[in-house]
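Visitor: Mind folding the following:
(one chain, ligands or ions: 1)
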Amino acid sequence: MTIRHFLRDDDLTPAEQARLLDLAAEMKALPYSRRPLAGPRSVAMIFDKPTLRTQVSFGAGIAELGGNPMLVEGRLAGIGVRESVEDVARVLGRQVAVVVWRTFHQGDLDTMAAHAGVPVVNALTDDFHPCQLIADLLTVREHLGGLAGRTVAFVGDAACNMGSSWLLAGATAGMHVRVSAPAGYAPRAAMVERASEIAATTGGSATVVAEPEKAVAGADVVVTDTWISMGKEAEEAARAEVLAPYSLTPALMALARPDAIALHCLPAYRGKEIAAEVLDGPQSVVWDEAENRRHAQKAVLAFLLEESR
Ligand code: NVA
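Guide: Numbers count the residues shown, from 1 in each chain. Down below sits the predicted model:
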């Protein structure tokens with residue numbers, strides 16, 4: 001039996017990503033049409049970092065799929081502290097149908113996946129946030145009608161999980177992904193290389209553009225994220241200074257296409273990485289994006305369960 005996991009954005013082929021997005025749209029229209037967790041079977045949701053959207057959208061979505069969302073308190077479980085990731089994985093796999101884990105190190109998630117015997121889903125690590133990207137792509141599809149050939153500009157801390165996920169998932173969708181960040185906050189070269197490799201098969205592209213104005217010029221989608229990702233709080237002052245020229249202001253947004261949309265995975269800090277006028281303005285689709293986490297993740301769970309049979 002092959003177990004499918006969703007640990008990073010390029011775990012899905014372009015065809016699988018498209019299928020998953022179709023499934024998410026279908027589930028959004030008919031929320032109770034699929035019940036792969038009927039029983040109810042349980043899904044463990046473990047959080048080693050703060051959460052609002054992820055916990056709530058997985059919890060509600062798992063219930064809609066007929067399952068039981070089981071919150072596992074990261075601090076009490078002490079994964080990798082009280083016992084090894086391997087042993088936790090072996091125990092969880094005997095109790096639940098899927099493990100959803102938000103943690104720091106991607107390697108720990110890989111270890112969980114190697115030993116759980118059930119699908120493991122990345123609910124955000126330092127490196128990737130792939131569930132968010134399914135929601136983001138669903139949102140872009142809804143508002144712009146398609147993904148392939150569209151240009152997306154990611155401005156700000158492109159070295160964070162969202163920068164990497166946009167590179168990989170956007171390239172998988174055949175989009176032209178431009179990332180713009182100051183020195184020290186550019187994505188890892190390996191991410192841009194991997195995205196370019198994928199883009200070569202989908203007709204998309206992945207480029208790093210130093211000036212945010214050039215990155216946003218003519219874009220269909222403009223994305224930013226907090227400058228202070230979870231775990232980086234001690235660097236707040238230094239980051240705010242260096243990243244200030246990359247703030248998504250109305251002036252920067254005006255360089256995109258007139259019908260461009262603005263995305264932000266939230267939580268957002270108005271006046272920092274995004275101006276209130278943009279976040280709360282007519283081009284912002286962030287509340288649809290937040291809602292779409294549920295529909296996207298339901299599709300991810302249904303897809304993994306089906307593919308793991
Ligand atoms: N880059 C952010 C995403 C929050 C959903 C973080 O890791 O904190």
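Visitor: Residue numbers of the stretch 51-200 of the chain in contact with the ligand?
Guide: Proximity of the stretch 51-200 of the chain to the ligand (C-beta under 6 Å from any ligand atom) is limited to residues 124, 129, 160-162. Every C-beta, even on glycine, is put in place using the N, C-alpha and C of the backbone.
Visitor: Out of those residues, name the two that are farthest from one another.
Guide: Distance extremes for these: the farthest pair is Leu124 and Cys160 at 10.4 Å, using C-beta to C-beta.
Visitor: Output the residues of the stretch 51-200 of the chain next to the ligand as JSON lines; include the columns pLDDT and neighbour count.
Guide: As requested, these are arranged in JSON lines below (pLDDT from 0 to 100; neighbours: other C-beta atoms under 10 Å):
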{"residue": "Leu124", "pLDDT": "98", "neighbour count": "27"}
{"residue": "His129", "pLDDT": "98", "neighbour count": "28"}
{"residue": "Cys160", "pLDDT": "98", "neighbour count": "25"}
{"residue": "Asn161", "pLDDT": "98", "neighbour count": "24"}
{"residue": "Met162", "pLDDT": "98", "neighbour count": "26"}
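Visitor: now the helices for the stretch 51-200 of the chain?
Guide: Here the stretch 51-200 of the chain has its helices, by DSSP state H, counting those that start in this stretch, at 53-64, 74-77, 85-93, 106-116, 130-144, 161-172, 189-202.
Visitor: Between helix 85-93 and the fourth one, find me the angle.
Guide: It refers to helix 106-116. Using axes from the mean of the first three to the mean of the last three C-alpha atoms, to 10 degrees, one finds that helix 106-116 and helix 85-93 are set 50 degrees apart in direction.
Visitor: What helices and strands are in contact with helix 106-116?
Guide: Secondary-structure packing of helix 106-116 (3 or more C-beta pairs under 8 Å, 6 or more residues apart in numbering; DSSP states H and E): helix 85-93, strand 98-102, strand 120-122.
Visitor: Show me what the shortest one packs onto, helices and strands only.
Guide: Applying 3+ C-beta pairs under 8 Å, 6+ apart, one finds that strand 120-122 makes contact with strand 98-102, helix 106-116, helix 130-144, helix 286-307.
Visitor: try 6 Å
Guide: Using 3 or more C-beta pairs under 6 Å, 6 or more residues apart in numbering; DSSP states H and E, the elements in contact with strand 120-122 are helix 106-116.
Visitor: Grab the nearest non-local neighbour of Ala181.
Guide: Ala158 (3.8 Å; C-beta to C-beta, 6 or more residues apart in numbering).
Visitor: mind checking how far the one you found is from Arg188?
Guide: When distances are taken as C-beta to C-beta, to the nearest Å, Ala158 and Arg188 turn out to be 10 Å apart.
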